[in-house]
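Asks: Please work out how this folds:
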Amino acid sequence: MMDKNKLVYSIMDTLYELSREISEYESIPRQYGTDDEIFMVEAHTINLIGENSSITISEIAKMSNKTKGAISQMVEKLINKEIVFKVKDSSDQRRVFLNLTEKGKRIFDYHKKLDEKEYSKIIKKLNHFTYDEFETFYQIAQQMLEIMREGSAKGTE
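Replies: Numbering: from 1, shown residues only. Here you go, the predicted structure:
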């Protein structure tokens, strides 16, 4: 049996490899029920808008841990693709809400169904783990994410 430190090193190696795989997967644009080529980061933004109608760029930035500038640029691309539209707040003209167009709703629905299909495959393959084991993994992953974000904020590696 491996000691705890070696196990943590092995877990970190696996997480970095998983991160590289996810990064590679995210770098390939896909179609989600329309002719538009959508990157994964755009699909996740579309999901946030679809799940939170009349959301703001600031709210998306906070929820996705990205800068407002990065989200603004992406939203402009989605507006140009006629997937998202802006609506000014009638009581505060400086405040702008984002919503999905009909095409955006099709992409949102398509992506939701795709996620359900893919996640059910994962759940099936990991079915031998108990709920408590999943819960423990989730708690560890959340704490590791927090540690990584603290390190990023300080500029350390």
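Asks: And the pLDDT for Ser91?
Replies: Among the per-residue scores, Ser91 holds a pLDDT of 88.
Asks: What is the neighbour count of it?
Replies: 6 (other Cβ atoms under 10 Å). No exception for glycine: its C-beta is placed from N, CA and C like everyone else's.
Asks: can you give me the helices in the protein?
Replies: Applying DSSP state H to the chain gives helices spanning 4-26, 40-51, 57-64, 68-80, 102-125, 131-154.
Asks: Need the winner for burial among those.
Replies: The highest mean neighbour count among those, using mean count of other Cβ atoms under 10 Å, belongs to helix 40-51: a mean of 19.
Asks: Quick one: list the elements packing against that helix.
Replies: Under the contact definition 3 or more Cβ pairs under 8 Å, 6 or more residues apart in numbering; DSSP states H and E, helix 40-51 sits against helix 4-26, helix 57-64, helix 68-80, strand 96-100, helix 102-125.
Asks: if you set the cut-off to 6 Å instead, what comes out?
Replies: Judged by 3 or more Cβ pairs under 6 Å, 6 or more residues apart in numbering; DSSP states H and E, helix 40-51 is in contact with strand 96-100, helix 102-125.
Asks: Point out where the chain drops to low pLDDT.
Replies: 153-157 (pLDDT under 70).
Asks: 90 instead?
Replies: Counting by pLDDT under 90, the ranges of the chain that qualify are 1-2, 53-54, 65, 89-95, 145, 148-157.
Asks: on that earlier part again, compare the helices and strands packed on helix 40-51 and give me the one nearest Arg30.
Replies: Arg30 sits nearest to helix 102-125 of all the helices and strands packed on helix 40-51, at 8.9 Å, using Cβ to Cβ.
Asks: contacting residues around the nearest residue to Tyr110 once chain neighbours are set aside?
Replies: In space, and not counting its chain neighbours, Tyr110 is closest to Gly33: 3.3 Å by Cβ to Cβ, 6 or more residues apart in numbering. Gly33 sits next to Arg106, Ile107, Tyr110 when contact means Cβ atoms under 6 Å, 6 or more residues apart in numbering.
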